[in-house]
Each structure stands twice: as C-alpha cells, then as structure tokens.
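Asker: need coordinates for the below:
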Amino acid sequence: MNVLTRIRAGNQEIECGLATTRRERAAVLAQRFRVYQRRGYYRPGLQHDRDEYDNVARYFLAVLDDGTGGAWLLGSARVILGEARLGFRFPAERAFEFELPPAIRHTETSQRVEVTRVVAEAAQGIVIGGLLTPLGLIQSIAEFTLPLGIQAGLAVIKRRFLRALQGLGVRLHEIAPARLIYPKDGPAAGYYHHHPDPVLPVYWRVDEIAPSVDQAIVRYGGASGESRRASRSTRASLIGATEQPLPRRTPE
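Answerer: Numbering: from 1, shown residues only. Purely as a prediction, here's the structure:
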C-alpha cells in the first residue's frame, strides 16, 4: 500500500492510500461486497459484484494498526479515471441524467475522476469517529490526483452522508436537476431505488477538495484533531480479504 495520508485518532493513526498488490485489491472488493450486502444495496440474490470499471479502477484503503503486527481494514473506495476515448461515460452518468455544472463543464473527460463504492466498517473493540475513515480516503484520493492533472471529480452519494460532509465544510456540490435512470433490476438496485436515504450526484474541484477536507478533519477528527500527509514511500504491507486483523508483511 502506498500510504498517502495519515490521520491521528486519539493515540491511534489511520493510514490511507493506494492499493498496490493483488491481495489488497481483493480485500477492497471483498469488503465492498460484504458491506453492500449487509446494507441491502444489492438486487436480491446477487452473488457477484463486478463491472467493466473494476478492470481499470484504482483502489484505496484505510487501515489501522492492531498493535500485534496486523491491521484492520476500516474502509475502502474505488477511483475511476476519465478516458478521452469516444463514448466513455462515468458510472454517475449511467445512473443519472444531468448536465455538467459550469464549474467543470469545460474540463476534459481525462481531467476528471469518479469516486465510487466508498464503504467503511467498524473494527471490533475499536472506536473511531464515523466520518474519519471516509475523510481520510477522500484526502488520500486528492493526494493521488494532484500530480495527474485532474481538475474535477464526480460521485454518487447518499443524501445524509453528503449533508454530514458539507456540514464539516467539505466542498462537495450537488448536481441539480438530475433524474435517476439506474435500472430498477440493476445489480445495485437497493442502493439506488429501495432505500429511504436517496442518492444524489455530486461534483467537486480538486483545488477545493483537499484544503476543505484538511479543515474538516481538524473540526471532526480524533482526540488531537490532527491530520498530516504521509511521505510517498510505499509501505511493504499486505492487506488480507478478511474481517480479522490483517497481516502486514506477507509475500504477495
């Protein structure tokens, strides 16, 4: 895992960054399926959650040292880089009909990303503020996109989660009007259609999101309220796809 952000939570530290091994990516996919299934976000009977974006997406993890040489996988996310090829569309553009807001309309598709499948889980016996994990993931994604020339991003997000982040000052902007077109029998139909908390498309500017998340972590996070960006060195760790403490140093 390439650690891009560290967040101090009391006397513990959450590390967030880019998955760099096959088993780390497998852990993200396993957690995604586990959390979505538990929350009823899938179509009834769905046994497999993969799409064409999974083949090219970047995966991000948030982990916490368990004190015994392992680590807990607290949360994860998927990032899809825009492509210049004709006909490319982000998942948000397949789930909703909307016009791009003026703030990002004139950026090239290859200068945008979409963040999808953001999930978080509580680790047994560990108390972490509910928004610290997604805030750390967002910050690490911002760190990743900065040197790539990315200017803007899209996401589809639950309204309650969006309002909580906006309440902390995170610069996420709802796209409106937008019409939901995701099929009612699609794999994630429960996420879009059969849940009391509706989903909304949002956008952000990269030059706004990183400083706003920094400030949000200070307002919200841990006993010390401290966050800091990690060096770009790669951690020689391996995250296993289980709910148990995850071994740090196992060959891939």
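Asker: could you list the low-pLDDT ranges of the stretch 51-200 of the chain?
Answerer: In the predicted model, the stretch 51-200 of the chain carries pLDDT under 70 at residues 123-129.
Asker: helices along that one, start to end?
Answerer: Ranges of helices in the stretch 51-200 of the chain, per DSSP state H, counting those that start in this stretch, are 91-95, 102-105, 132-145, 159-167, 189-192.
Asker: so how far is the longest one off the chain centroid?
Answerer: Computed by CA atoms, centre = their mean, to the nearest Å, the chain-centroid distance of helix 132-145 equals 7 Å.
Asker: ok, now the first one?
Answerer: Once both centres are worked out by CA atoms, centre = their mean, helix 91-95 turns out to sit 16 Å from its chain's centre.
Asker: all numbers from here: first residue = 4
Answerer: Understood, numbering begins at 4; the last thing we discussed is helix 94-98.
Asker: residue contacts, the spatially most central residue of the chain?
Answerer: Per CA atoms, centre = their mean, the C-alpha nearest to the average position across the chain is that of A80, at 3.1 Å. With contact set as CB atoms under 8 Å, 6 or more residues apart in numbering, A80 has these partners: 31, 62-63, 118-122, 137, 140, 144. For the C-beta atoms, the positions are set from N, CA and C on the backbone; glycine is no exception.
Asker: identify the bridge partners of it.
Answerer: On the basis of DSSP bridges, A80 is bridged to F63.
Asker: equivalent analysis for the one 4 residues further on, please.
Answerer: In this structure, L84 bridges to V116 when assessed by DSSP bridges.
Asker: you'd agree it is up against V59?
Answerer: Yes - the criterion here is CB atoms under 8 Å, and L84 meets it with V59 at 7.4 Å.
Asker: against E211, how distant is A155?
Answerer: A155 sits 10 Å away from E211, taking CB to CB, to the nearest Å as the criterion.
Asker: sorry, slip of the keys, the one I care about is A65.
Answerer: For A65, the distance to E211 - CB to CB - is 22 Å.
Asker: which one of these two has more residues nearby?
Answerer: A direct count of neighbours by other CB atoms under 10 Å for A65 and E211 places A65 higher, at 26 against 16.
Asker: quick one: contacts for A87?
Answerer: Each residue near A87 by CB under 8 Å, 6+ apart is listed here: 111-113.
Asker: now, which of those sits nearest L183?
Answerer: Using CB to CB, T112 is the member of the contacts of A87 that lies nearest L183, at 22.1 Å.
Asker: pLDDT at L49, what is it?
Answerer: Listed pLDDT for L49 reads 92.
Asker: so what does H197 look like in phi/psi?
Answerer: Dihedral angles of H197 (phi, psi; degrees, to the nearest 10) stand at phi -120, psi 50.
Asker: that one contacts G43, correct?
Answerer: Yes - here H197 reaches G43: they are 7.3 Å apart, a contact under CB under 8 Å.
Asker: who has more neighbours out of L84 and V59?
Answerer: L84 (18 against 9).
Asker: for the more buried one, give its distance to G170.
Answerer: Using CB to CB, L84 is found at 29 Å from G170.
Asker: again, but for L64
Answerer: Distance, L64 to G170, using CB to CB: 26 Å.
Asker: who's more crowded, these two?
Answerer: Taking neighbours as other CB under 10 Å, L64 and G170 compare with L64 leading, 30 against 12.
Asker: done for today, thanks.
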